[in-house]
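*Asks:* whatever this is, show me its structure:
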Amino acid sequence: MIRFQKLLVKMTFVCMVLMFFSIYSNAYQLEDDQIKIGIRFGENATPLVSMYSPDGLKLGYYEGGSFIDIINFLIDKEIFVRKDGYFMHINNTFIEYDFDRQRDSYNTNIQGPIHIQIGSAFSSREEANEFLNSLSALKDDPYLVYEDGWRVWTGLYTNYSDAEEAFEMIKALFPDIDLRIISKDDKRIQVLNKYGKVLFMYNTRNKDYYFKSFSGIIELDGKKFRGSMMIKRYLDSDLTVINQLGLDEYLYSVVPKEMSGDWPIEAQKAQAVAARSYAVLNLNRHKNYGFDLCSSIHCQVYGGYSSENPRTQRAVDETKGKVITYDGKVVAALYHSNSGGHTEDSENVWSNPLGYLRGVEDPYSIGVPNDHWTKVYKKQQIEDLLSSHGMFVGSITNIIVKERSSNGRVLKLEIQGTNGNQILEKGQIRNIFGNRNLKSTWFDIVNNSTDSGKLAEEANFEDKYVITAEGVKKIKLQNQYIDNGREKSLINIQDKYIITDKGLDKIELKNKELNREDKSKFNSTGADQYVFIGKGYGHGVGMSQWGAKKMAEQGFTYEQILSHYYTGIRIE
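*Replies:* Numbers count the residues shown, from 1 in each chain. So this is what the prediction gives:
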């Protein structure tokens, strides 16, 4: 009995270990190495798409890892796939038609979602097709349907009266065949040739169906993709389009979309491993739509086969299976364009502190595009931006940085106005001002009510920028000081320009004190515009892509690049 208990304990321990490694393994391995990418969904769902393959297409479903095709489109290599709804057929294309509002029963170009079923269900496609071929006397071409079995339907009627009229005509031709009028179904999808003839219909209510090319490359609305295309409908929606393909095939497109294919191979390998880690960790991020990741910047930018590059394909292949882990778990390998010289702690951009996303010195991101930038906003622009987000401060009187991270980025920005103040925090700042305009939250602010002393003090311009006759120029201010107890400021600027209440004003100052008369020239009662002078591009967390490029150019490997930007990680 004791030996049995010991054996039971050992077996339990072994099972727990196996379970642990199974969970650990599944954390960064995909079933059959497949991933689903949302191409069209939600607000970007579409009423129809076009598809093409030079060797034809097939439609089917996956079962146990195998693809089971139910119908082939070999003659009509270019097809339209659309929801079962109202469309107007014009010049070999289709425009969705709002039949309830634009009702025009006399327009013969309008096609609708009401059909007539001829006969009962059939046990096979061959049996249904044989029956279809016996209906040559029909005015409207019949077509195959896969909905609770194989069926034969006809017609694209816009209303029941037209369908009933056609019903009587068909009944007169085939009095011994059962007929039934089929009403609209929000899960039904039509397949047509480029001339508008219905080739097939299917229903997505109980199963997911995929279009595949015999060559492996499928063209959707003029853009090429690997793998297969699932097209489905959610209740009362347009088409959701999902590209299913291998994980590395997905990365073939992601890496060149996120990083130039001309960049050094070690930088691209670093990007490939970071992108793979991000993808694996975020599987099922859009499970409510039936896929893993979207194709936009919200997840990772994905452009399909059309975006692939031979060098980036090599980078993916040579890092196959490699992911970044921290404490035994795959990490969210975040990345951005340029850190500006120092990356940021994760909690200073979002909320959660992550041990592998710590701010680090980043000299490799200096001397490359967007290491410094400026953006000028007129006061009215900022007021309008705030109003568009439901924030009403009245006329802006000042903008003040209230809190910074230890790495320099703005955590709290206060906008003061005649109707009150508004505090913007962390990522909200760029969301309000525009992520492409305010390139990062690492910035100083200068306005045209700032005097020359304040300019040096608040903007901290040593080895920084001022506005000159030729635009924003880098300068080194020497012998400068601010004495808060006296009205003077010793600076070293020659033939430069500064923002005043009258616009840009030239100043010629060298090692002299500003007297009251000089100083009043720059002291206005309000600011008409605010200049944001900043560093870097993006949220600043994780890997700087431009920094990775420079590191690769200096001979660093992709492992060294990743270990520099992600703290305490392993690559395995």
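*Asks:* every contact and neighbour count from this point should use C-alpha atoms.
*Replies:* Fine.
*Asks:* low-confidence bits of the stretch 101-250 of the chain, can you list those?
*Replies:* 101-108 (pLDDT under 70).
*Asks:* got phi/psi on Gly408?
*Replies:* The phi/psi pair for Gly408 (degrees, to the nearest 10) reads phi 110, psi -10.
*Asks:* list the contacts for it?
*Replies:* Contact partners of Gly408, counting by C-alpha atoms under 8 Å, 6 or more residues apart in numbering, are Trp442.
*Asks:* now it: how far from Gly359?
*Replies:* 10 Å (C-alpha to C-alpha, to the nearest Å).
*Asks:* what's the closest non-adjacent residue to the residue nearest the centre of the chain?
*Replies:* Central residue of the chain (C-alpha atoms, centre = their mean): Ser296, 1.7 Å from the mean position. Closest residue to Ser296 apart from its sequence neighbours, by C-alpha to C-alpha, 6 or more residues apart in numbering: Tyr302 at 6.6 Å.
*Asks:* flag the shaky bits of the stretch 251-400 of the chain, pLDDT-wise.
*Replies:* Applying pLDDT under 70 to the stretch 251-400 of the chain picks out no residues at all.
*Asks:* helices along that one, start to end?
*Replies:* Ranges of helices within the stretch 251-400 of the chain are 265-281, 310-318, 379-388, based on DSSP state H, counting those that start in this stretch.
*Asks:* quick one: the shortest one to helix 265-281, angle?
*Replies:* Using axes from the mean of the first three to the mean of the last three C-alpha atoms, to 10 degrees, one finds that helix 310-318 and helix 265-281 are set 60 degrees apart in direction.
*Asks:* now do the buried residues in helix 310-318.
*Replies:* By neighbour count on 16 or more other C-alpha atoms under 10 Å, the buried set for helix 310-318 is Arg311, Thr312, Gln313, Arg314, Ala315, Val316, Asp317.
*Asks:* okay if I get those as JSON lines plus distance to Glu258?
*Replies:* Formatted as JSON lines, the buried residues of helix 310-318 follow (distance: C-alpha to C-alpha, whole Å):
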{"residue": "Arg311", "distance to Glu258": "14"}
{"residue": "Thr312", "distance to Glu258": "11"}
{"residue": "Gln313", "distance to Glu258": "13"}
{"residue": "Arg314", "distance to Glu258": "15"}
{"residue": "Ala315", "distance to Glu258": "13"}
{"residue": "Val316", "distance to Glu258": "13"}
{"residue": "Asp317", "distance to Glu258": "17"}
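*Asks:* now for Lys439: which residues touch it?
*Replies:* Counting by C-alpha under 8 Å, 6+ apart, Lys439 touches Trp373, Arg430, Gly534, Lys535, Gly536, Tyr537, Gly538.
*Asks:* could you check the distance from the nearest residue to Lys184 once chain neighbours are set aside over to Lys549?
*Replies:* Excluding its sequence neighbours, the residue lying closest to Lys184 (C-alpha to C-alpha, 6+ apart) is Pro113, at 5.1 Å. According to C-alpha to C-alpha, Pro113 and Lys549 sit 54 Å apart.
*Asks:* what's the burial count for Gly196?
*Replies:* 16 (other C-alpha atoms under 10 Å).
*Asks:* for Arg409, that is, sorry about that
*Replies:* Close neighbours of Arg409, defined as other C-alpha under 10 Å, add up to 25.
*Asks:* wait, it sits on Asp444?
*Replies:* No. When contacts are counted by C-alpha atoms under 8 Å, Arg409 is not listed as touching Asp444 (9.5 Å).
*Asks:* pairing partners for the host helix or strand of Ile39, with directions?
*Replies:* Ile39 is part of strand 34-40 when elements are defined by DSSP states H and E. Sheet pairing here is set by DSSP bridges, and for strand 34-40 it gives strand 239-246 (antiparallel), strand 293-294 (parallel).
*Asks:* so after that strand, what's the next helix or strand?
*Replies:* Per DSSP H and E, the first helix or strand lying C-terminal to strand 34-40 is strand 48-52.
*Asks:* ok, then the element right after that next one?
*Replies:* Strand 48-52 is succeeded, C-terminally, by strand 57-63 (DSSP H and E).
*Asks:* what angle do that next one and strand 48-52 make?
*Replies:* Orientation of strand 57-63 against strand 48-52 (the same axes, to 10 degrees) gives an angle of 100 degrees.
*Asks:* and the next helix or strand past strand 57-63?
*Replies:* Reading on from strand 57-63 to the C-terminus, the next helix or strand found by DSSP H and E is strand 66-73.
*Asks:* just the CA trace of that following strand, in CSV.
*Replies:* Below are the C-alpha coordinates for strand 66-73, written out as CSV (Å, rounded to 0.1, in the frame of the first residue of the first chain):
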residue,chain,number,x,y,z
SER,A,66,-7.0,19.1,-43.6
PHE,A,67,-8.8,21.3,-46.1
ILE,A,68,-12.1,19.9,-47.4
ASP,A,69,-13.2,21.6,-50.6
ILE,A,70,-16.9,21.7,-51.5
ILE,A,71,-16.8,23.6,-54.8
ASN,A,72,-14.2,24.9,-57.3
PHE,A,73,-14.2,28.0,-59.5
